[in-house]
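Participant: following is a predicted model, sequence given first.
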Amino acid sequence: MKSPTRRRLLKGAAGAGLVVVAAPALLRYAAAQSWRVGDPFSLGVASGAPRPDGFVLWTRLAPEPQSINPLTPGGMSGGDATVGYEIANDPGMHDVVRHGEAIAEQAFAYSVHLDVRGLPPGRPYWYRFTSGDAASRVGRAATLPAPGTALERLRFGFVSCSNYEHGYFSAYRHLADENPEFVIFLGDYIYEYIEERRPVVRRHSDGIEAATLPTYRNRYAQYRLDPDLQRLHAEAPALVTWDDHEVQNDYADKWSEYFDDPEQFLVRRAAAYRAFYEHMPVRPILSRPEGPAMRIYDRFTFGDLIEISLIDGRQYRSREACYGPPDKGGTHLETDASCPERRDAGRTMLGFAQEAWLNTGLAHSQAQWNLIAQDVLMAQLRIRQDNADAFSTDDWDGYPANRTRLLKRIQNTRVSNPVVIGGDAHSFFANDLRPDFLDPASPVVATEFVGTSISAYGPPYDVTARALPDNPHIHFFESRRRGYVAIDLERSHMQVRMRMVSDAADAKADIATLRTFAVEGGRPGVVAA
Ligand code: FE
Ligand code: CA
């Protein structure tokens, strides 16, 4: 969907020497603009990164959202633009409590990351952006409750793995219908690759694997044009982390699935992270990317009820165990005999700085519940292969020393009601977490729930189903359904509903509950609800 006409919102100064004097006049021109070519708010709005006194409001000006001309992202050109914003106490935007102007930064594809501060805690707000004669849709934001405030209940959802080519995003729509207080995105928000083997429901519009800044931008823009995703972002604040497909399948730090030159791969990663930043409601102070580095791990505390540690499982991890050509890039199965390296104590999933940050947060948390929100399956999944135990190298089974350290730490510091959530597996899981999964006497110290994909195809059911007797800590597994997970949290009870769509290939799919589980306060482990 390349656009034949490129809109010049801000006519760039033809001579470089004119830029400085021209900029203010151009900004005024932008404010007086009438948008005849396209809706500048075609990609919708989002809120995220909530704090007790504020949140981040996001939009990106893109009158031609699928433009992949690197000189005119979204059909825009020229220097930074300004947009108006309004924040109100009501969805009708009558009682406006804050208004002003925000910058749509040219350097970040004319995205806006408005860091709103100074608002009262524990309140819902509604907001919109304006530019010339155009106004965005209205979105909902919220400030977190003041620290320590007694909070009785909270409903939220978590999602992962929305492959546009594999289906529609009905799961996002149905989650929006549940009016969650917020949604946690656990990664694979986009897919960089083009499906070449399996059925395709709808195509990535450019037909090429995203690997450069314009192609990653184009991918995000196409996903954000999806009405179900756009509505979910408008109606629920987002907490976001990533997995691999925001960059490349099964990458680890600078180590590509395809053994690319690590320095070259970091150039690609820099483009991918930058496009992620440009499209997500993350804090500009914390998360603005610098080259291939971008910090996204963060912590959110909802009164005295729950603290959420949002983790980055890709940027800092060690190379996949026993990595090497011809076929040991990305995930592969290894036994202790074939790959002793997998168990090395020096290997890390989180990176040691993030691990220390997580440990400190868990040790100091005053919350009833402590959620670790991250990208991949944490529980061990032992697959019998030629009379030996084999383990995947891409999830926590590839980093067992880091997993044991974390779970022992949770045990020793008596973290209150620890729960881990994850995605990536395109399957539902409900698991007990033990420091040593092979020792039945090892205590259950935490509970894990993995959500299935929004639309991405699941792995073969039989392989994992056959392995379940060897993995008694796994209470439930299902890879044949697409959907999301909804959580209803009370002080002494967490209810976990695994929600499934009738058919991801149907844009109007229905929703139903596949299974419901619970965690009881003070007693780690999965129970039937
Ligand atoms: Fe995925
Ligand atoms: Ca993944």
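Facilitator: Thanks, I have the structure now. Residues are numbered from 1 along each chain as shown. Ligands and ions are numbered 1, 2, ... in the order given.
Participant: drop to CA atoms for contacts and neighbour counts, all remaining ones
Facilitator: OK.
Participant: and residue 299, bridged to which residues?
Facilitator: Residue 299 has these beta-bridge partners by DSSP bridges: residue 309.
Participant: how many other residues sit next to it?
Facilitator: Here the number of neighbours of residue 299 (other Cα atoms under 10 Å) works out to 20.
Participant: which ones are touching it?
Facilitator: Applying Cα atoms under 8 Å, 6 or more residues apart in numbering to residue 299 gives the contacts 307-310.
Participant: equivalent analysis for residue 202, please.
Facilitator: Residue 202 sits in contact with 164-167, where contact means Cα under 8 Å, 6+ apart.
Participant: out of these, who's the most crowded?
Facilitator: Highest neighbour count within those, by other Cα under 10 Å: residue 164, with 25 neighbours.
Participant: residue 399 contacts residue 347, correct?
Facilitator: Yes - at 6.2 Å, residue 399 counts as touching residue 347 under the criterion of Cα atoms under 8 Å.
Participant: comparing those two, which residue is more hemmed in?
Facilitator: Legend: neighbour count by other Cα under 10 Å for residue 399 and residue 347, higher for residue 399 (28 against 21).
Participant: ok, now which ones touch the more buried one?
Facilitator: Taking Cα under 8 Å, 6+ apart, we find residue 399 in contact with 342-343, 347-349, 393.
Participant: Serialize those to a markdown table and add fields for secondary structure.
Facilitator: Shown next, in a markdown table, are those (DSSP: H, G, I helix; E, B strand; the rest coil):
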| residue | secondary structure |
| --- | --- |
| 342 | helix |
| 343 | helix |
| 347 | coil |
| 348 | coil |
| 349 | coil |
| 393 | coil |
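Participant: neighbours of residue 133, how many?
Facilitator: 11.
Participant: that one touches residue 35, doesn't it?
Facilitator: Yes - counting by Cα under 8 Å, residue 35 is a contact partner of residue 133 at 7.0 Å.
Participant: stretch 375-382 and ligand 1 in contact?
Facilitator: No - interface with ligand 1: stretch 375-382 contributes nothing (Cα under 5 Å from the ion), its closest point being 9.3 Å away.
Participant: over to stretch 464-479?
Facilitator: No - if you take Cα under 5 Å from the ion as the test, stretch 464-479 misses ligand 1, and the best it gets is 12.2 Å.
Participant: what are the ranges of the strands in the stretch 251-400 of the chain?
Facilitator: Ranges of strands within the stretch 251-400 of the chain are 298-302, 306-310, 333-334, 369-373, 383-385, 388-392, based on DSSP state E, counting those that start in this stretch.
Participant: helices or strands up against the third one?
Facilitator: When you say that, I think you mean strand 333-334. Packed against strand 333-334 by the contact rule (3 or more Cα pairs under 8 Å, 6 or more residues apart in numbering; DSSP states H and E) you find strand 388-392.
Participant: whichever helix or strand comes after the strand it packs on packs against which elements?
Facilitator: Toward the C-terminus, strand 388-392 is succeeded by helix 400-412 as the next helix or strand (DSSP states H and E). Applying 3+ Cα pairs under 8 Å, 6+ apart, one finds that helix 400-412 contacts helix 352-364.
Participant: residues of the helix it packs on that come out buried?
Facilitator: 354-355, 358-359, 361-363 (16 or more other Cα atoms under 10 Å).
Participant: ok, back up a step: dump the contacts of residue 299 to JSON lines, plus neighbour count and distance to ligand 1.
Facilitator: Below are the contacts of residue 299 laid out as JSON lines (neighbours: other Cα atoms under 10 Å; distance: Cα to the ion, whole Å):
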{"residue": "307", "neighbour count": "22", "distance to ligand 1": "25"}
{"residue": "308", "neighbour count": "24", "distance to ligand 1": "22"}
{"residue": "309", "neighbour count": "21", "distance to ligand 1": "21"}
{"residue": "310", "neighbour count": "25", "distance to ligand 1": "18"}
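Participant: ok so, going back, of the contacts of residue 399, closest to ligand 1?
Facilitator: Ligand 1 lies nearest to residue 393 out of the contacts of residue 399, by Cα to the ion, at 15.5 Å.
Participant: near ligand 1, which residues of the stretch 301-450 of the chain?
Facilitator: residue 424.
Participant: find the closest residue to ligand 1 in the stretch 301-450 of the chain.
Facilitator: residue 424 (4.4 Å).
Participant: measure the closest residue to residue 451 other than its chain neighbours to residue 188 for me?
Facilitator: Distance criterion Cα to Cα, 6 or more residues apart in numbering; nearest residue to residue 451, sequence neighbours excluded, is residue 428 at 4.9 Å. Applying Cα to Cα, to the nearest Å, the value for residue 428 to residue 188 is 16 Å.
Participant: how about the helices in this structure?
Facilitator: 19-31, 170-177, 213-224, 227-235, 262-279, 284-287, 352-364, 400-412, 461-467 (DSSP state H).
Participant: need the ones you listed in CSV (columns: mean pLDDT).
Facilitator: Below are those laid out as CSV (pLDDT from 0 to 100):
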stretch, mean pLDDT
helix 19-31, 38
helix 170-177, 98
helix 213-224, 98
helix 227-235, 98
helix 262-279, 98
helix 284-287, 96
helix 352-364, 98
helix 400-412, 98
helix 461-467, 97
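Participant: save the ones you listed as TSV, and put in distance to residue 96 too.
Facilitator: Listed next are the helices of the chain as TSV, based on distance: least, Cα to Cα, whole Å:
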stretch	distance to residue 96
helix 19-31	20
helix 170-177	24
helix 213-224	27
helix 227-235	18
helix 262-279	26
helix 284-287	24
helix 352-364	36
helix 400-412	44
helix 461-467	52
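Participant: out of these, which gets nearest to residue 89?
Facilitator: Nearest to residue 89 among those is helix 227-235 (14.5 Å), distances taken as Cα to Cα.
Participant: and the angle from that closest one to helix 170-177?
Facilitator: Counting by axes from the mean of the first three to the mean of the last three Cα atoms, to 10 degrees, helix 227-235 lies at 30 degrees to helix 170-177.
Participant: what does helix 227-235 rub up against?
Facilitator: 43-47, 137-141, 169-170, 172-173, 175-176, 179, 223-224.
Participant: only alpha carbons, please: show it as PDB.
Facilitator: Extracted C-alpha coordinates of helix 227-235, given in PDB (Å, rounded to 0.1, in the frame of the first residue of the first chain):
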ATOM      1  CA  PRO A 227      -9.200  -1.900  14.600                       C
ATOM      2  CA  ASP A 228      -9.200  -4.400  17.400                       C
ATOM      3  CA  LEU A 229      -5.700  -3.600  18.500                       C
ATOM      4  CA  GLN A 230      -6.300   0.100  18.100                       C
ATOM      5  CA  ARG A 231      -9.400   0.000  20.300                       C
ATOM      6  CA  LEU A 232      -7.700  -2.000  23.000                       C
ATOM      7  CA  HIS A 233      -5.000   0.600  23.200                       C
ATOM      8  CA  ALA A 234      -7.500   3.400  23.400                       C
ATOM      9  CA  GLU A 235      -9.500   1.700  26.100                       C
END
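Participant: mind checking how far that helix is from the chain centre?
Facilitator: Offset of helix 227-235 from its chain centre (Cα atoms, centre = their mean, to the nearest Å): 14 Å.
Participant: also stretch 452-469?
Facilitator: For stretch 452-469, the distance to the chain centre is 21 Å (Cα atoms, centre = their mean).
Participant: what degree of burial does the closest residue to residue 119 other than its chain neighbours show, as a neighbour count?
Facilitator: Once flanking residues are discounted, residue 119 sits nearest to residue 53: 4.7 Å by Cα to Cα, 6+ apart. Neighbour count for residue 53, taken as other Cα under 10 Å: 18.
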